[in-house]
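Trainee: what's the 3D shape of this:
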Amino acid sequence: MNRTVHLVDLDGLVGQEVGLSDWITVDQSMIDAFANATNDHQFIHVDPRRAAAETPFGGTIAHGFLTLSLLSSMNYACLPTIAEQTFGINYGFDKIRFMAPVRSGARVRGRFRLKAARFRGHDMVMTTYDVTVEIENERKAALTAEWLTISQFDPKDKPAAA
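Mentor: Residues are numbered from 1 along each chain as shown. Down below sits the predicted model:
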């Protein structure tokens, strides 16, 4: 985690890029492990020879949901922590688009822009991020998404103006 922000400062970050992760290599062993975890063994993911011969990708590609799942790691690596937060949860996504395949061996990174931050009740703040997962040396992104998270905090820490 790169830095800490306070609840009172969230509004000032809306509209700004708040995180850019390091590159992550999506290799065949990662793809195979994900295939085993999800029981999705479609040949385009796990059979390099067949994928090279029968698809336009030139080899295997990562599952779209693998690329999406990497957002958690990217988040922890680059998004600021809310100082008053006691814990955070994944609330979901409003939009996810898989724009381009991630070929085995490619490197990806996440770019996060804070779209909104709003208080929910007396002890939670919901943040919405516009997220792009970029593929190194590719013009087109792997995916774009609107990601919603909720941070729980002690109500005594809530800013008076919120």
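
Trainee: Can you report the mean pLDDT over the residues of stretch 127-138?
Mentor: Across stretch 127-138, the average pLDDT comes to 98.

Trainee: cool, stretch 103-120 as well?
Mentor: The average pLDDT within stretch 103-120 is 97.

Trainee: Share the number of residues neighbouring the closest residue to Arg50 other than its chain neighbours, please.
Mentor: Once flanking residues are discounted, Arg50 sits nearest to Phe43: 4.8 Å by C-beta to C-beta, 6 or more residues apart in numbering. In this view, the C-beta of every residue, glycine as well, is placed from N, C-alpha and C. By the criterion of other C-beta atoms under 10 Å, Phe43 has 14 neighbours.

Trainee: I'd say Phe43 and Ala51 touch.
Mentor: Yes: Phe43 lies in contact with Ala51 (C-beta atoms under 8 Å); the separation is 6.1 Å.

Trainee: gap between the two ends of stretch 16-32?
Mentor: One end of stretch 16-32 sits 36 Å from the other (C-alpha to C-alpha, to the nearest Å).

Trainee: residues of it that come out buried?
Mentor: For stretch 16-32, burial by neighbour count (16 or more other C-beta atoms under 10 Å) applies to 18-21, 24, 26, 31.

Trainee: Redo those as CSV? Include distance to Arg103 and secondary structure.
Mentor: Converted to CSV, the buried residues of stretch 16-32 look like this (distance: C-beta to C-beta, whole Å; DSSP: H, G, I helix; E, B strand; the rest coil):
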residue, distance to Arg103, secondary structure
Val18, 29, strand
Gly19, 25, strand
Leu20, 22, strand
Ser21, 19, coil
Ile24, 14, strand
Val26, 8, strand
Ile31, 10, helix
